[in-house]
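Peer 1: predicted coordinates and the sequence they were generated for:
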Amino acid sequence: MEKTIRITLLPSKKKEKYLKDAQKKVRELANILIPYKKHVKTGMEFHHLVYKRFRYLGLHSQLQENVQRKVYGAKKVKKFRTLPLEFNFPRSGKIAKTRKDNPVLVVSPLKKRIAFPICRDGGWRRLKEYTIKGWEAHSCRIFQQKRKRKRKAKDRKRSSKVNYGWVAHLNIRKELPPPQEVEGTIGVDVGRKVFAAVTLNHPSFPLLERYMGKDIAWKQHQLAKRRRKLQSYRDKGSKKARRALKKLRMKERKYNKTRCEQIAHEIVDWAVTTRSAIVIENIEGIRSKWKKEKTKRRGKQSKNLLRELNNWPYGFFLSFLTSLAYQHHIPVVKVDPHYTSQTCSRCGHTSKSSRVSRGLYRCVACGIELNSDRNASRNIGLKGFSFLALPFFSSWSSFYPFPREKKNNFLVSVVEERSTSSSGSMSGKFFLPPG
Ligand SMILES: [Zn+2]
């Protein structure tokens with residue numbers, strides 16, 4: 001598995017100039033190389049054609065090869081403006097320590113090797129933690145990035161110049177053992193009102209269900225209201241409003257990111273303690289599902305929904321959840337979300353008319369009434385069962401005498417009976433394991 005960590009570099013003026021020189025040469029080389037692509041068919045041929053010809057520029061051999069690969073891989077690029085400097089460990093770079101025990105990143109963009117001090121911020125601490133856990137850095141990319149800096153009152157007026165800082169993206173790698181054996185599944189349904197409806201389906205645990213991240217939708221609503229107001233001020237020419245809008249965008253992004261990570265951590269902790277797999281919808285499915293919902297509405301409503309979908313952080317959430325689960329040796333199953341909101345999680349009957357209103361699901365076949373997000377997340381969890389070829393189990397057997405849901409129940413009931421007969425005739429459709 002691979003991960004990327006960002007660290008901050010603190011080059012002196014002299015070293016900064018050296019890096020800029022290297023960047024300039026890389027850009028120059030990349031732009032010279034573009035027309036040569038016409039004459040070759042493979043990357044190897046490209047290498048043989050150009051490698052020796054442009055050694056005179058004085059770039060390190062590894063760096064030149066990386067640039068060649070980048071140019072060959074880039075399609076439809078007519079001119080490169082900026083290119084990051086790429087280094088592979090240990091051939092053209094490494095992480096080391098000085099005699100005074102300060103961390104440095106040693107790289108050789110041109111002929112000479114140069115050490116750049118690493119800032120001991122959060123990124124460096126994260127890198128140290130991962131190194132202790134056995135991760136190894138194998139390559140890095142160095143480039144300039146906009147830096148936030150607190151400005152003093154006196155230079156607030158004149159400094160419209162953007163301040164740049166040097167950062168490196170370190171790629172770290174570790175061979176992870178295969179995921180552990182599981183007994184149950186956790187179904188995760190990503191929705192708009194409830195960010196993640198989560199259900200645990202496990203033969204030896206009580207049926208647990210939770211709605212997570214309800215606050216995300218609420219927060220977005222609040223921020224959207226504020227944004228609308230600020231936008232009207234900005235259109236009248238207020239500079240203050242313009243600045244506030246920019247801040248607001250950052251705020252929203254940060255809020256979403258933090259909450260996504262918190263929820264993912266909660267779900268993974270849960271999976272570890274109950275020894276169960278995580279089942280999620282695959283992302284293309286979600287998009288098409290929501291597009292369908294969009295076409296139902298018209299005009300302004302549909303426009304609003306589209307904006308909501310674009311801001312919605314489900315992509316980030318699912319990828320973060322997957323990577324976090326792999327690190328804890330939890331298998332992740334992606335299933336097709338089609339019909340998960342229309343199928344009854346108790347009897348397996350699929351019908352469009354079962355979705356009575358936005359939040360409510362009432363099965364036309366067996367009459368069960370429950371929240372639609374909850375129903376979908378159960379279906380997703382059950383789909384995972386057949387995927388993992390686990391013995392069939394339905395938490396509904398204990399529910400049978402009391403089909404109505406109680407309100408605010410985190411812990412619903414303890415499963416005692418495990419009979420498959422009560423789950424109805426449709427259970428063979430996708431609930432049973434293949435073979
Ligand atoms: Zn039913």
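Peer 2: Sure, I can see it.
Peer 1: spell out, range by range, the helices that occur in the stretch 51-200 of the chain.
Peer 2: Per DSSP state H, counting those that start in this stretch, the stretch 51-200 of the chain carries helices over the ranges 61-73, 122-132.
Peer 1: packing partners for the shortest one?
Peer 2: Applying 3 or more CB pairs under 8 Å, 6 or more residues apart in numbering; DSSP states H and E, we find helix 122-132 packed against strand 2-8, strand 164-173. For the C-beta atoms, the positions are set from N, CA and C on the backbone; glycine is no exception.
Peer 1: can you redo those as JSON lines with mean neighbour count?
Peer 2: Shown next, in JSON lines, are these (neighbours: other CB atoms under 10 Å):
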{"stretch": "strand 2-8", "mean neighbour count": "17"}
{"stretch": "strand 164-173", "mean neighbour count": "18"}
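Peer 1: mind checking those for the one nearest to residue 74?
Peer 2: Among the helices and strands packed on helix 122-132, strand 164-173 comes nearest to residue 74, with 18.5 Å by CB to CB.
Peer 1: mean confidence (pLDDT) on that closest one, please.
Peer 2: What strand 164-173 shows for mean pLDDT is 90.
Peer 1: low-confidence stretches in this protein?
Peer 2: Along the chain, the model assigns pLDDT under 70 to residues 147-163, 285-311, 391-435.
Peer 1: so which residues on this structure come close to the ion?
Peer 2: Contact residues, the chain versus the ion (CB under 5 Å from the ion): 344, 346-347, 349, 363, 365-366.
Peer 1: give the buried subset of the residues you listed as a PyMOL selection command.
Peer 2: Buried subset of these, written as a PyMOL selection, criterion 16 or more other CB atoms under 10 Å:
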select buried, resi 344+346+347+349+363+365
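Peer 1: just put the residues of the chain next to the ion in a markdown table and tack on secondary structure.
Peer 2: As requested, these are exported to a markdown table (DSSP: H, G, I helix; E, B strand; the rest coil):
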| residue | secondary structure |
| --- | --- |
| 344 | coil |
| 346 | coil |
| 347 | coil |
| 349 | coil |
| 363 | coil |
| 365 | coil |
| 366 | coil |
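Peer 1: quick revisit: can you put the helices of the stretch 51-200 of the chain in TSV and add mean neighbour count?
Peer 2: Converted to TSV, these look like this (neighbours: other CB under 10 Å):
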stretch	mean neighbour count
helix 61-73	19
helix 122-132	14
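Peer 1: for those, give me CSV that also has distance to residue 166.
Peer 2: Output for those, formatted as CSV (distance: least, CB to CB, whole Å):
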stretch, distance to residue 166
helix 61-73, 16
helix 122-132, 13
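Peer 1: ok, which of those helices comes nearest residue 278?
Peer 2: Nearest to residue 278, of all the helices of the stretch 51-200 of the chain, is helix 122-132, at 22.4 Å by CB to CB.
Peer 1: return the distance of that closest one from the chain's centre.
Peer 2: 20 Å (CA atoms, centre = their mean, to the nearest Å).
Peer 1: ok, stretch 110-128 next?
Peer 2: Relative to its chain's centre, stretch 110-128 lies at 26 Å (CA atoms, centre = their mean).
Peer 1: so what touches that stretch?
Peer 2: Outside of stretch 110-128, the residues within contact range by CB atoms under 8 Å, 6 or more residues apart in numbering are 5-11, 15, 18, 21-22, 25, 58-60, 95-96, 98, 102-108, 137, 166, 168, 170, 172.
Peer 1: how about the helices of the stretch 201-350 of the chain, start to end?
Peer 2: Going by DSSP H, counting those that start in this stretch, the stretch 201-350 of the chain shows helices at 214-235, 239-274, 283-296, 299-311, 314-327.
Peer 1: save these as a markdown table, and put in mean neighbour count too.
Peer 2: A markdown table is the format used below for the helices of the stretch 201-350 of the chain (neighbours: other CB under 10 Å):
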| stretch | mean neighbour count |
| --- | --- |
| helix 214-235 | 14 |
| helix 239-274 | 15 |
| helix 283-296 | 13 |
| helix 299-311 | 12 |
| helix 314-327 | 18 |
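Peer 1: want to throw those helices into a markdown table with distance to residue 122?
Peer 2: Shown next, in a markdown table, are the helices of the stretch 201-350 of the chain (distance: least, CB to CB, whole Å):
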| stretch | distance to residue 122 |
| --- | --- |
| helix 214-235 | 24 |
| helix 239-274 | 14 |
| helix 283-296 | 29 |
| helix 299-311 | 26 |
| helix 314-327 | 17 |
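Peer 1: of all those helices, which one comes closest to residue 46?
Peer 2: Here helix 314-327 is closest among the helices of the stretch 201-350 of the chain (CB to CB), at 32.6 Å.
Peer 1: what lies in contact with that closest one?
Peer 2: Helix 314-327 has contacts (CB under 8 Å, 6+ apart) with 1, 3, 176, 179, 188, 190, 195-196, 256-257, 260-261, 263-265, 267-268, 271, 278, 280, 283, 286, 331-332.
Peer 1: which of the contacts of stretch 110-128 are buried?
Peer 2: Burial by neighbour count, judged by 16+ other CB under 10 Å, picks out 5-9, 11, 15, 18, 22, 25, 59-60, 95, 103-108, 137, 166, 168, 170, 172 from those.
Peer 1: so what's the nearest residue to residue 180 once chain neighbours are set aside up against?
Peer 2: In this structure, residue 180 finds its nearest non-sequential neighbour in residue 329, 4.8 Å apart by CB to CB, 6 or more residues apart in numbering. Taking CB under 8 Å, 6+ apart as the criterion, residue 329 is in contact with 176-180.
Peer 1: distance check, residue 329 against residue 47.
Peer 2: Between residue 329 and residue 47 the computed distance is 40 Å (CB to CB, to the nearest Å).
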